[in-house]
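1. Quick one, what's the 3D model for this:
(one chain, ligands or ions: 2)
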Amino acid sequence: MTSDARQGYGPTKMTSSEAFVESLVAEGVTTVPGIVGSAFMDALDMFPAAGIDFVSVAHEQNAVHMADGHARVSGEPSVVVSQNGPGITNFVTGVAAAYWAHTPMVVVTPSAGTLGTGLGGFQETEQMPIFSKITKWQVQVNRPERMAELMRRAFYVAKAEAGPVQVDIPRDYFYSEGEYEIYPSATVQRGAGTPEQVRDAARLLAGARNPVIVSGGGVVAADGVAEVQALAEYLSAPVANSYLHNDSFPASHELAVGPLGYQGSKAAMRLISEADVVLAIGCRLGPFGTLPQHGLDYWPANAKIIQVDVDHRVLGLTKKISLGINGDARATAVALLDALRADQAERPRDDARIAKIADERTTWADELAQWSSREGDPLSPRRALSLIRDVLPQDTIVSTDIGNVCSVSNSYLHFEQSRRFLAAMSFGNCGYAYPTALGAKIAAPDKPVMAYIGDGAWGMSMAEVMTAVRHDIPVVAVVWNNGQWGAEKKNQIDFYDDRYVGTNLVNPDFADVAKTMGAEGISVQREADLQGAITDAFGLGKPVVVNVAIDSVELGEPFRRDALKLPTRHLDKYAHLNG
Ligand SMILES: Cc1ncc(C[n+]2csc(CCOP(=O)(O)OP(=O)(O)O)c2C)c(N)n1
Ligand SMILES: [Mg+2]
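-> Numbers count the residues shown, from 1 in each chain. Ligands and ions are numbered 1, 2, ... in the order given. Below you'll find the predicted structure:
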């Protein structure tokens with residue numbers, strides 16, 4: 001059989017396993033992370049011949065994160081598969097994170113055989129309800145003859161709705177024969193909203209005194225940064241990144257003002273607070289990403305908001321909007337600029353506004369530099385973040401975890417290109433960054449890839465150093481070793497009178513552990529060694545873990561000051577714990 005699955009071919013006799021594998025080939029899949037299991041072994045057996053690299057991980061959650069990083073960097077849906085029952089329940093956190101990162105992904109969940117369903121035989125649980133709230137679409141292959149049809153549908157929906165979809169395959173359905181047709185991968189193209197909406201939005205923007213653009217993940221997903229930039233330049237409008245989408249606009253551009261949200265940029269916050277019209281493009285305006293920060297309650301309550309998103313469900317969901325456009329970020333940016341130009345071919349550059357933007361950028365950069373100026377040991381986390389930023393190789397892809405130091409890093413990370421920043425987004429799970437970075441490196445082997453992870457979260461991820469070694473994935477992991485679950489300890493400091501329950505850690509030097517696992521390990525105990533260590537790590541071309549000993553006292557704001565209260569205790573036995 002020599003038919004080219006990438007081009008598709010007509011009805012051909014094959015097994016359902018072959019149809020499964022050919023469906024992956026048709027979609028251009030070359031990497032599938034997971035853990036081996038008998039449930040899909042018949043298909044797995046063909047992976048090498050199909051040109052698919054099966055990346056065997058240490059824990060299935062990390063396979064999903066790896067697929068997440070791969071998809072976010074490549075822009076194409078990724079695939080993950082594992083054993084029915086426990087292998088699949090281990091997926092859950094990874095799929096939830098991918099859901100909130102809007103990552104196109106086909107989650108293949110082999111399930112118990114149809115003749116045993118409901119008997120509680122071995123490795124059986126109902127796998128559909130578990131994922132019902134964290135997938136865009138779910139389907140169970142209800143007859144083996146539908147294998148190719150449902151697989152291609154899954155890829156289509158993953159692309160069209162930008163999120164994980166689940167294909168549940170009863171394990172006996174890998175063994176069947178039939179006539180299968182393989183289609184070429186479907187292309188998803190989206191437009192710019194209606195001409196009326198575009199016209200109305202253009203009018204609002206043209207009449208604004210202080211328009212501000214918020215560029216979100218949808219701009220990255222649509223590869224629309226250049227188009228948003230052209231629109232911003234026409235309007236002389238500052239462009240803020242939405243929370244954790246620091247790669248949605250080139251940081252060195254004179255209109256770039258940095259990210260909103262937790263540990264974001266004061267320049268962005270001050271400028272948006274004065275906006276009369278906000279264009280939130282490719283952006284769901286997630287509530288966590290617009291909370292007050294640095295003592296600034298910056299959201300412009302009276303501004304007119306134009307929101308553009310491919311997901312109609314997020315329009316007007318979290319903020320009162322004047323206009324919601326269900327459209328692609330790139331196509332809408334193009335249409336908006338065309339509409340503006342139709343009325344006025346060029347607008348004079350607003351030098352006063354651009355000077356103000358420059359001013360705010362400098363003020364914030366100076367303040368941040370001031371915050372990062374404490375030299376010496378124990379190494380200040382902020383100082384460390386600024387030192388590393390200054391020596392990062394050009395065009396590095398950075399993935400960050402959830403933790404105090406990782407979150408503070410949001411202020412320091414600048415990107416010139418999109419698909420370079422992979423943070424744990426709004427699901428906010430510890431353990432996201434490292435496996436995601438591994439997936440990113442597989443998708444972009446020529447780019448340097450670094451992950452920031454706290455020492456607590458590293459406990460969830462470090463087994464994957466073995467994966468990096470086995471599969472030769474040269475990612476640089478920087479582990480912030482402060483001997484604590486720092487972000488949560490900060491709550492105990494601020495709200496619980498320094499009573500530490502469950503927040504102190506006793507750690508090894510993770511560089512030693514990495515070496516034992518076959519990776520390189522570099523231990524940094526002093527500020528003076530940090531920059532050299534990072535440069536060396538990128539030069540090694542191997543999986544590296546840089547253990548950075550840092551000050552445990554310097555901690556950024558807690559994530560959820562908005563949601564915590566001083567304790568109240570009514571019972572005598574707890575009275576001494578009153579706030
Ligand atoms: C899976 C998961 N478990 C628990 C939490 C709650 N949590 C948020 S931040 C944090 C502490 C992170 O500690 P560490 O990784 O050491 O980084 P640090 O804050 O010390 O920089 C914890 C436990 C979470 N976000 N995700
Ligand atoms: Mg820590």
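2. which residues does W458 contact?
-> 434, 477, 479, 510 (Cβ atoms under 8 Å, 6 or more residues apart in numbering). Placement of C-beta: from N, CA and C, glycine included.
3. Could you pick out the residues of the chain near ligand 1 for me?
-> By the rule Cβ under 6 Å from any ligand atom, the part of the chain lying against ligand 1 is 402-405, 428-431, 454-457, 480, 482, 484-488.
4. which of these come close to ligand 2?
-> Contacts with ligand 2 within the residues of the chain next to ligand 1, counted by Cβ under 5 Å from the ion: 454-456, 482, 484, 486.
5. picking that back up, now go through the residues of the chain next to ligand 1 and say which are in strands.
-> Using DSSP state E, 454, 480 are the members of those that sit in strands.
6. Selection in PyMOL covering whichever of the residues of the chain next to ligand 1 are buried, please.
-> Under the burial definition 16 or more other Cβ atoms under 10 Å, those of the residues of the chain next to ligand 1 that qualify are selected in PyMOL by:
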select buried, resi 402+403+404+405+428+429+430+431+454+455+456+457+480+482+484+485+486+487+488
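7. residues contacting T12?
-> T12 sits next to 1, 3, 179-182 when contact means Cβ under 8 Å, 6+ apart.
8. Specify the beta-bridge partners of it.
-> Each beta-bridge partner of T12 is listed here, defined by DSSP bridges: Y180.
9. I'd like the distance from it to E179, if you could.
-> Note on T12: its distance to E179, by Cβ to Cβ, to the nearest Å, is 7 Å.
10. what do you get for G116?
-> Applying Cβ to Cβ, the value for G116 to E179 is 28 Å.
11. So between these two, which is more surrounded?
-> In this comparison of G116 against E179, neighbours counted by other Cβ atoms under 10 Å, the higher total goes to G116 at 14 against 11.
12. wouldn't that one be in contact with E124 here?
-> Yes - distance between G116 and E124: 7.1 Å, which falls inside the contact criterion (Cβ atoms under 8 Å).
13. Which residue is the nearest non-sequential neighbour of the residue of the stretch 301-450 of the chain found nearest ligand 2?
-> Sorted by distance to ligand 2 under Cβ to the ion, the residues of the stretch 301-450 of the chain start with G403, at 5.8 Å. Once its chain neighbours are removed from consideration, G403 has its nearest residue in G454; the separation is 3.2 Å (Cβ to Cβ, 6 or more residues apart in numbering).
14. Quick check: the one you found touching A477?
-> No - contact status for G454 versus A477: not in contact, 11.4 Å apart, counting by Cβ under 8 Å.
15. Spit out the residues that contact those two alike.
-> Listed as contacting both G454 and A477 by Cβ under 8 Å, 6+ apart is no residue at all.
16. Quick check: buried residues in stretch 490-501?
-> Along stretch 490-501, these residues count as buried under the neighbour rule (16+ other Cβ under 10 Å): 490-493, 496.
17. Could you tell me which ranges of this structure sit under the pLDDT cut-off?
-> 1-2 (pLDDT under 70).
18. Give me the helices and strands touching the helix ranked longest in it, please.
-> Scanning the chain for the helix with the most residues, using DSSP state H, yields helix 351-371. Contacting helix 351-371 under the criterion 3 or more Cβ pairs under 8 Å, 6 or more residues apart in numbering; DSSP states H and E are the following elements: strand 256-259, helix 266-273, helix 381-391.
19. I'd like to know which of those is closest to P170.
-> Closest to P170 of these, according to Cβ to Cβ: strand 256-259, at 44.7 Å.
20. ok now the closest one, how far from the chain's centre?
-> Strand 256-259 has its average C-alpha position 18 Å from the chain's average C-alpha position, going by Cα atoms, centre = their mean, to the nearest Å.
21. do the same with stretch 476-491
-> Once both centres are worked out by Cα atoms, centre = their mean, stretch 476-491 turns out to sit 20 Å from its chain's centre.
22. got the end-to-end distance for it?
-> Using Cα to Cα, to the nearest Å, the end-to-end distance of stretch 476-491 comes out at 30 Å.
23. What is the nearest of the buried residues of stretch 490-501 to L555?
-> Among those, and counting by Cβ to Cβ, the member closest to L555 is K490, at 4.5 Å.
24. The closest one in helix, strand or coil?
-> helix (DSSP: H, G, I helix; E, B strand; the rest coil).
25. if we can go back for a sec, what's the most buried one of the helices and strands packed on helix 351-371?
-> Between these, strand 256-259 has the highest mean count of neighbours, a mean of 29, where neighbours are mean count of other Cβ atoms under 10 Å.
26. what residues does that strand touch?
-> Residues outside strand 256-259 that contact it (Cβ under 8 Å, 6+ apart) are 238-246, 249-251, 264-265, 267-268, 271, 357, 360-361, 364, 410-411.
27. what is M450 paired to in the beta sheet?
-> On the basis of DSSP bridges, M450 takes part in beta bridges with V398, V476.
28. okay, the contacts of T12 in JSON lines with distance to ligand 2 next?
-> Written out in JSON lines, the entries for the contacts of T12 read as follows (distance: Cβ to the ion, whole Å):
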{"residue": "M1", "distance to ligand 2": "54"}
{"residue": "S3", "distance to ligand 2": "53"}
{"residue": "E179", "distance to ligand 2": "57"}
{"residue": "Y180", "distance to ligand 2": "51"}
{"residue": "E181", "distance to ligand 2": "53"}
{"residue": "I182", "distance to ligand 2": "49"}
